[in-house]
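Q: Below is the sequence, then the predicted model.
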Amino acid sequence: MIDASKIDRLLRTARAARGRAYAPYSDFAVGAALLGTSGRIYAGTNIENSSYGLSLCAERTALAQAIVRGERSFRAVAVVADSDDPCTPCGACRHVLSEFQDDLIIVSANLHGAVETRPLKELLPARNNTLKRRRGAS
Ligand code: THU
């Protein structure tokens, strides 16, 4: 259970990060805020590129910030965009997030106050586990 004030902080962080999106191609700015088990929050925003496939989603830039700072376990991620329905992570981000935390909570929101919370496992029910982690690897 994540308390309402923490969710509120995540949403505020994600909204602020959304304001720093680099999205000149889609004009679809997204903000993310990832809550580590330490209690720290890592912000992310989408960073697009003229070679479309090189664009980075907000969820993955937040995750990169966390990993660089040494945090690898997480409780929740908030995602905010100016969408009709609350914005959920794309399939690729679901998979990348599940690499670190398959019981993550996803808090999806739009700018009109709609918020939906559900487990990542519901959005990615059958994660691909073909590769085994190497024992002793970092
Ligand atoms: N995008 C995200 O950053 N996160 C999402 O959850 C949905 C999509 C970005 C990718 C691309 O820069 C733009 O939104 C349009 O798809």
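A: Received, thanks. Residues are numbered from 1 along each chain as shown.

Q: For residue 77, give me phi and psi.
A: Per-residue torsions, residue 77: phi -130, psi 130 (degrees, to the nearest 10).

Q: Which strand or helix spans the closest residue to it other than its chain neighbours?
A: Leaving out its chain neighbours, the residue that sits closest to residue 77 by Cβ to Cβ, 6 or more residues apart in numbering is residue 34, at 4.7 Å. From N, CA and C alone the C-beta is placed, and that goes for glycine too. Here residue 34 sits within strand 30-36, counting by DSSP states H and E.

Q: again with residue 92
A: Counting by DSSP H and E, residue 92 is part of helix 91-100.

Q: Return the set of buried residues in that helix.
A: 93-94, 96-98 (16 or more other Cβ atoms under 10 Å).

Q: after that helix, next one along is what?
A: The first helix or strand that comes after helix 91-100 along the chain, using DSSP H and E, is strand 105-110.

Q: can you list the residues that contact that following strand?
A: The contact list for strand 105-110 (Cβ atoms under 8 Å, 6 or more residues apart in numbering) reads 2, 7, 10-11, 14, 75-89, 115-120, 123.

Q: Quick one: work out the angle between the strand holding residue 34 and strand 105-110.
A: When axes from the mean of the first three to the mean of the last three Cα atoms, to 10 degrees is applied, the directions of strand 30-36 and strand 105-110 differ by 160 degrees.

Q: Now do the helix or strand just after strand 30-36, average pLDDT.
A: Of the helices and strands lying after strand 30-36 in sequence (DSSP H and E), the nearest is strand 41-45. For strand 41-45, the mean pLDDT works out to 98.

Q: Would you mind pulling up the elements that strand 41-45 packs against?
A: Packing partners of strand 41-45 (3 or more Cβ pairs under 8 Å, 6 or more residues apart in numbering; DSSP states H and E): helix 4-18, strand 30-36, helix 58-68.

Q: Just say which of these is most tucked in.
A: Among the helices and strands packed on strand 41-45, strand 30-36 has the highest mean neighbour count (mean count of other Cβ atoms under 10 Å), at a mean of 27.

Q: Is any residue of that one near the ligand?
A: Yes. Applying Cβ under 6 Å from any ligand atom, one finds strand 30-36 in contact with the ligand at residue 30.
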